[in-house]
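Peer 1: quick one, structure for this:
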Amino acid sequence: MATDANEMIAELGSVVLDHRFKGVPLDQRLPLAELGQRKWNVARGDLSLPVTTLSAAALDHNIATMAEYCARHGMLLAPHGKTTMAPQLFHRQLAAGAWAMTAATPGQVRTMRRYGVPRVLLANQLVERVALRWVGRELEQDPEFDFLCLVDGPAAVRVMDDALDGVLDTRELSVLVEVGVPGGRTGTRTADQALALAQAVAASRHLRVAGVEAYEGLAARGADPEELDAVDTVLDRVKALAVELVAQGLADADGLIITAGGSIYFDRVVVRLGDWSGTGITPRTVLRSGCYISHDAGQYRRLSPLDERRTTEEPLALRNALESWAVVLSRPEPDLVLLGAGKRDLAYDVEMPMPARLHRAGGEVLDLRDTASVTKLMDQHAFMTVDPRLDVAPGDIVALHVSHPCAAFDKAPLLPIVDDEHTVVDGILTFF
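Peer 2: Next up, the predicted model:
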């Protein structure tokens, strides 16, 4: 697999970049492999704006940091690939020791397979007949391919079993019993439902119970004690269910997969699901955090256990790798600046982009963190309120910090990677 995967990634270097990719200068056409050779500097205005960039140093740091965190706590890592949908980054995560990649849709699974990911965890139910049969054929054709998905009810088991008839012969499809949150999205609501589901899987023709899954992020929005308690309650339900499944012979005690952990509460997974002493179970506990790779300057900065929620005993910390860049178009009022970037270009689903710096044509750099704010977005414009005394003019460039990496990556088919001086050294392609 490694050779083929490396070849697939290397092939991306031949993808031709031109005006169809945000950031590429309008008169340029070049292969991705040559992007870093041009020495274009985004702060100097060499790129076509708007564009979102990634810090090379922060990317390297974050990948290494999460790998170290998981190793220290005995956790496996299956980063959620929906964050970036960037095969180049998938393989950097796998090379750093990731156990698998997580997907959210069958299409994402297909992209991961296309670029040689050997193990995929679909953090969703798989009930589409065409997709099920494709997965079944992949399992039969490649004995090294490992695939897991979720299941939350007997009706789904029947759909899956019927679709896999005539496809799966030598292998079974591994499923994880999903523990849900009342009022949330998918997942079993009670222990009795979960046990009945596991029994339905055990009676099926093509499925096997491989473990238990939950997304604890549905139980809370912040980090006050009550919300952390709600997260812990979900994780405790996961543990209790795993113990009961093994006790009833519905799952194996050794190698049982226990998976949870988004990008905010993975420290609680370590605390609640890291110790299985006295249970007779030796599981593989898998974190699925995805946003750590770029981190951000908003929601994850405030709530991550490796940033502002970090304890004094925690030596590791993540860094923000994301910046979006826009040109100043107009200053129609003393306290209003219009930027050439909007909803089509900037992450805004959690909170507005945050002006960080102003880069002036002569090289001067001004800190905007206390003097400017984005108050409104339209399709291609950002309304930035400024201190009337701020020296800003059309043609200046604003670097913005953003919140929620998922919403930043999916707006950019190309994200240039820059060094600490904002010079482009490489680039990654996304497949949304």
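Peer 1: which elements pack onto the lowest-mean-pLDDT helix or strand in the chain?
Peer 2: Across the helices and strands of the chain, mean confidence by mean pLDDT, DSSP states H and E is lowest for helix 2-11: a mean of 80. Using 3 or more CB pairs under 8 Å, 6 or more residues apart in numbering; DSSP states H and E as the contact test, the elements touching helix 2-11 are helix 87-95. The C-beta positions use only the backbone N, C-alpha and C, and glycine is treated the same way.
Peer 1: low-confidence stretches in the protein?
Peer 2: Segments of the chain classed as low confidence (criterion: pLDDT under 70) are 1-3.
Peer 1: show me the contact partners of the following helix or strand past the least confident helix or strand of the chain.
Peer 2: For helix 2-11, the following helix or strand on the C-terminal side (DSSP states H and E) is strand 16-17. Strand 16-17 is contacted from outside by 24, 28, 29, 30, 31, 32, 35, 414, 427, using CB atoms under 8 Å, 6 or more residues apart in numbering.
Peer 1: same check, this time on stretch 212-232
Peer 2: Applying CB under 8 Å, 6+ apart, the contact partners of stretch 212-232 are 123, 150, 176-181, 184-185, 187, 194, 233-235, 237-238, 241-242, 245, 256-262, 264-265, 268-269, 271-272, 303, 309.
Peer 1: residue 13 is in contact with residue 33, correct?
Peer 2: Yes - using CB atoms under 8 Å, residue 33 is in contact with residue 13, at 3.3 Å.
Peer 1: residue 155: neighbour count?
Peer 2: 12 (other CB atoms under 10 Å).
Peer 1: measure it to residue 197 for me?
Peer 2: 10 Å (CB to CB, to the nearest Å).
Peer 1: what residues of stretch 208-219 count as buried?
Peer 2: 209, 210, 211, 212, 213, 214, 215, 216, 217, 218, 219 (16 or more other CB atoms under 10 Å).
Peer 1: hmm, back to that, inside helices: which ones of the contacts of stretch 212-232?
Peer 2: The helices, defined by DSSP state H, take in 194, 233-235, 237-238, 241-242, 245, 268-269, 271-272, 303 from the contacts of stretch 212-232.
Peer 1: state the pair within those residues that is farthest apart.
Peer 2: Farthest apart among the ones in helices among the contacts of stretch 212-232 by CB to CB are 245 and 303. That separation is 31.4 Å.
Peer 1: of the two, who's got more company?
Peer 2: A count of neighbours by other CB under 10 Å puts residue 245 above the other of residue 245 and residue 303, at 24 against 19.
Peer 1: contact partners for that one?
Peer 2: So residue 245 contacts 177, 195, 198, 209, 212, 251, 256 (CB under 8 Å, 6+ apart).
Peer 1: how about residue 386?
Peer 2: 335, 336, 337, 368, 371, 372, 392.
Peer 1: so the chain: which segments form each domain?
Peer 2: 2-55+319-429, 57-303 (automatic domain parsing).
Peer 1: just name the most buried of these.
Peer 2: Greatest average neighbour count among those goes to domain 57-303 (a mean of 19), per mean count of other CB atoms under 10 Å.
Peer 1: quick one on the thing from earlier: could I get the buried residues of stretch 208-219 as CSV with secondary structure and distance to residue 74?
Peer 2: Shown next, in CSV, are the buried residues of stretch 208-219 (DSSP: H, G, I helix; E, B strand; the rest coil; distance: CB to CB, whole Å):
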residue, secondary structure, distance to residue 74
209, strand, 23
210, strand, 19
211, strand, 16
212, strand, 18
213, strand, 19
214, strand, 19
215, coil, 21
216, helix, 19
217, helix, 22
218, helix, 25
219, helix, 24
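Peer 1: how about these in TSV, adding distance to residue 364?
Peer 2: Shown next, in TSV, are the buried residues of stretch 208-219 (distance: CB to CB, whole Å):
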residue	distance to residue 364
209	62
210	58
211	56
212	56
213	52
214	50
215	46
216	46
217	42
218	46
219	47
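Peer 1: and those, which is closest to residue 279?
Peer 2: residue 212 (12.8 Å).
Peer 1: which strand residues bridge the closest one?
Peer 2: Per DSSP bridges, the residues bridged to residue 212 are residue 177, residue 258.
Peer 1: what's the angle from whichever helix or strand residue 66 is part of to helix 266-273?
Peer 2: Using DSSP H and E, residue 66 falls within helix 56-73. Helix 56-73 and helix 266-273 meet at an angle of 10 degrees, taking axes from the mean of the first three to the mean of the last three CA atoms, to 10 degrees as the criterion.
Peer 1: quick one: residues contacting the closest residue to residue 421 other than its chain neighbours.
Peer 2: The shortest distance from residue 421 to any non-neighbouring residue, by CB to CB, 6 or more residues apart in numbering, is to residue 41 (7.0 Å). Residue 41 makes contact with 421, 422, 423, 424, according to CB under 8 Å, 6+ apart.
Peer 1: got a list of what the last one touches?
Peer 2: When contacts are counted by CB under 8 Å, 6+ apart, residue 424 is found next to 35-36, 38-42, 46-47, 53, 416-418.
Peer 1: out of those residues, name the ones that lie in strands.
Peer 2: 53, 416, 417, 418 (DSSP state E).
Peer 1: quick revisit: name the nearest of the buried residues of stretch 208-219 relative to residue 169.
Peer 2: Using CB to CB, these come closest to residue 169 at residue 210, 19.0 Å.
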